[in-house]
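Chemist: next come a sequence and a model predicted from it.
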Amino acid sequence: MRGRKHIKRKILKADSKYNSLSVAKFINKILIRGQKATATNIVYKSLASIEEKMKKPALEIFDKAIDNACPLLEVKAKRIGGATYQVPMEVRPSRKITLAMRWIINAARDRQGKNIDVLLAEEILNAYNKTGIAMTKRENMHKMAEANKAFAHFARF
């Protein structure tokens, strides 16, 4: 398409403790006002408490929680013939992970009463167990896609 430029994706380095790209992405998503050391401490504390509770490797639990929270379908607005339709479409793999991480972090931030590392650990465990706010968002997105399945033929335009 004319006028669109291809975006060069930044090559992200794996984090130092778990040597994982997904944990490094998660740390970058938690960042507020550029305080990377604080974000790193929050993520590492939450993963350590998860490992302590579950008696399993934290990275395995974290990856499974992200996989559980990843949506398969989403709806996008398409304007066809003067009408706007909510068209269900498959989610790109990179966007799946981004949405899952965003939902987990926002769910932890919305809850109150405890430190953010404790709340984040609880939300990751909830996603691992297929419960919690992030999973509710995923289910709502799937319900919307299912309800608008009649407009799926507009996806190829």
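Modeler: Thanks, I have it. All of these numbers come straight from a predicted model, not from anything done at the bench. Residues are numbered from 1 along each chain as shown.

Chemist: so what's Ala51 closest to, chain neighbours aside?
Modeler: Let me fix one detail, which is that residue 51 is Glu and not Ala. Excluding its sequence neighbours, the residue lying closest to Glu51 (Cβ to Cβ, 6 or more residues apart in numbering) is Ala58, at 4.0 Å. To be clear about C-beta, it is placed using only N, CA and C from the backbone, and glycine gets the same treatment.

Chemist: and the residue most central in space within the chain, what's its pLDDT?
Modeler: In the chain, the residue lying closest to the centroid (Cα atoms, centre = their mean) is Ala100, at 1.7 Å. At Ala100, the model reports a pLDDT of 96.

Chemist: the helix or strand containing it: which residues count as buried?
Modeler: Using DSSP states H and E, Ala100 falls within helix 93-110. Using 16 or more other Cβ atoms under 10 Å as the test for burial, helix 93-110 gives Lys96, Ile97, Leu99, Ala100, Met101, Trp103, Ile104, Ile105, Ala107, Ala108.

Chemist: swap in stretch 16-27?
Modeler: For stretch 16-27, burial by neighbour count (16+ other Cβ under 10 Å) applies to Tyr18, Ser22, Val23, Ala24, Lys25, Phe26, Ile27.

Chemist: before I go, just wanted to say thanks for your time.
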